[in-house]
Every structure is written in structure tokens, then in C-alpha cells.
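J.: mind looking at a prediction? Sequence and model below.
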Amino acid sequence: MSGRLHGKVALVTGAGSGIGAATARLFAAEGAAVAALDRDADGLAQLPDAIQRLHADITDGDVVARAVAAALERHGRIDVLVNNAGQDVFVDPLAAEDADWERCLDVNLRGAWRVTQAVLPSMLAQGAGSIVNIASVHGHRIIRGCFPYPVAKHGLIGLTRALALEYADRGVRANSISPGLILVPRIEAWFTREPGMRERQTALLPPRRIGTPEEVAYTALFLASDEARFVNAADILVDGGRSHVYHD
């Protein structure tokens with residue numbers, strides 16, 4: 001590897017599997033000291049020993065604060081935050097209850113804000129930092145049957161842009177990535193449950209293949225690195241062009 005993050009410290013949430021795990025591994029390979037946060041202790045255990053493992057649920061503000069404090073105690077600073085933790089919440093709009101709304105917003109929007117709020121003071125104190133939020137194509141295009149997940153992802157992109165403009169003159173950048181269909185464990189499980197779905201979904205994608213977690217991780221690597229030091233308030237689609245296809 002080229003050491004693109006040499007000397008930097010990165011905190012990655014949702015790092016127990018999928019995009020988060022791929023990002024934590026790639027960042028470590030590129031020279032970063034990595035703190036990996038997830039509520040799945042078994043998933044964290046699969047990461048390399050050099051990566052700090054923080055067992056925490058982003059829906060609990062006190063737990064998040066303690067996890068961030070542990071990362072700062074060990075590494076002294078946090079240069080990069082990747083808010084990847086999230087959860088699919090798909091219900092019929094008329095059947096949606098308050099609990100569905102709360103679960104969707106708590107995990108997919110408020111959780112990212114909790115971690116950011118805990119990390120921001122240290123970034124502002126050092127006058128430098130890069131925040132990368134993992135949003136979704138659902139934040140750009142509405143897919144029927146996926147309510148209210150897109151509401152949270154639209155909000156996450158909005159949060160990214162608001163933070164980007166609020167703190168740019170104090171050295172902190174914020175950008176987001178909007179992945180499309182990526183071969184993470186929950187998508188593999190979906191394909192297993194529904195024979196033929198893999199083939200149907202692949203046919204909808206312009207490259208005629210499904211994306212990998214590593215391809216999202218490399219985009220996060222760019223945004224986290226000094227190569228992107230003038231990239232701020234941006235959202236990068238990593239979907240093979242799927243969101244620009246008008247007809248299915």
C-alpha cells in the first residue's frame with residue numbers, strides 16, 4: 001500500500017462487517033491507526049489485532065461518548081470519522097408506527113450525529129478533520145417499498161452539507177458517499193432468500209455487476225486523505241450509474 005493515511009487516526013462505525021469492515025481494513029493498510037466501533041462484538045473480533053475494537057451502540061449517547069473517549073485516550077487525536085453504521089427500515093407508510101420512525105432515524109441519522117458530536121471538539125481543537133458519512137442512493141432516488149429509510153438518508157446528506165459549511169473555516173471537512181447495491185451480508189442474505197433476485201438486480205446495473213464493499217472503502221479513503229483537502233460538502237455516488245437509469 002502507498003500509506004495515503006500515514007500518521008492519521010480514523011474512527012469507523014459499523015465496522016463489524018460489510019462496508020465498515022472493508023474501510024477499517026483498508027485504512028489500516030494505508031497507514032492509519034484505526035478505531036473500529038460496532039455493536040457486534042463477534043464482527044469486531046474478525047478485524048486485525050492492530051485495530052482498536054470499540055463495542056458500542058450508536059443509539060446510546062453515553063456509550064458513544066465513552067467509546068470516543070477511549071479512542072482519544074489511546075491515540076491522542078481523531079483525524080477521520082467514517083459514519084457507516086446503519087440499518088434498513090422498510091415499512092408500508094400507512095402502517096408505519098412511531099417506533100418505526102424512531103428506529104429508522106435513531107440509527108440512520110441521529111446515530112451519525114451522536115458520534116460526530118462526540119468527535120467534533122477534538123477535530124476543532126486540532127484545526128483539522130475529515131468526516132465521511134455513508135449515505136445511500138436512497139438519499140437521491142425514491143424506491144417504492146423502502147419507506148421511511150430514504151427520509152433518514154436524505155437527512156444524512158443534509159447533515160453532511162450543514163456541517164461542511166459550518167466548520168470549513170476551522171479546518172474540518174464533511175462529505176458523504178451514496179452507495180448503490182453493494183454485496184454486504186444483508187444483501188447476500190436477501191439473494192439467498194429470494195432465488196433469482198441476484199440475477200434480476202445485476203441486470204438492472206449498467207456495468208452488469210454488483211458493487212463490492214472495497215469499492216466504497218476506496219472512495220472513503222480518497223475523502224479521508226489529504227488528496228481531497230479541497231473537497232467539502234460533496235456527495236459521491238458509488239452505484240455503477242444505476243441511479244441515472246430512467247427506465248428499468
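T.: That came through, no problem. Numbers count the residues shown, from 1 in each chain.
J.: which positions within the biggest helix by length in the chain qualify as buried?
T.: Here the longest helix in the chain is taken by residue count, with DSSP state H as the criterion, and it is helix 149-167. If you call a residue buried by 16 or more other Cβ atoms under 10 Å, then helix 149-167 has these buried ones: 149-157, 159-161, 163-164, 167. Heads up, the C-betas are built off the backbone N, CA and C, glycines and all.
J.: what do you get for stretch 222-240?
T.: Residues of stretch 222-240 classed as buried: 223, 224, 225, 228, 232, 233, 235, 236, 237, 238, 239, 240 (neighbour count, 16+ other Cβ under 10 Å).
J.: what about stretch 28-36, start to end distance?
T.: Taking Cα to Cα, to the nearest Å, stretch 28-36 runs 11 Å from one end to the other.
J.: in CSV, list the C-alpha atoms belonging to the longest helix of the chain.
T.: What follows is helix 149-167 as a C-alpha-only set of coordinates in CSV (Å, rounded to 0.1, in the frame of the first residue of the first chain):
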residue,chain,number,x,y,z
TYR,A,149,-35.3,4.7,5.1
PRO,A,150,-34.9,7.3,2.3
VAL,A,151,-36.1,10.0,4.7
ALA,A,152,-33.2,9.4,7.0
LYS,A,153,-30.7,9.1,4.2
HIS,A,154,-31.9,12.4,2.7
GLY,A,155,-31.4,13.9,6.2
LEU,A,156,-27.9,12.4,6.5
ILE,A,157,-26.8,14.1,3.2
GLY,A,158,-28.3,17.4,4.6
LEU,A,159,-26.5,16.9,7.9
THR,A,160,-23.2,16.4,5.9
ARG,A,161,-23.6,19.6,4.0
ALA,A,162,-24.6,21.7,7.0
LEU,A,163,-21.6,20.5,9.0
ALA,A,164,-19.3,21.1,5.9
LEU,A,165,-20.3,24.7,5.7
GLU,A,166,-20.4,25.3,9.4
TYR,A,167,-16.8,24.2,10.1
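J.: any idea which element residue 12 lies in?
T.: Taking DSSP states H and E as the criterion, the element that holds residue 12 is strand 9-13.
J.: give the contact list for residue 12.
T.: Taking Cβ atoms under 8 Å, 6 or more residues apart in numbering as the criterion, residue 12 is in contact with 20, 23, 24, 27, 34, 35, 36, 37, 82, 84.
J.: show me those that map onto strands.
T.: When DSSP state E defines the strands, the subset of these inside them is 34, 35, 36, 37, 82.
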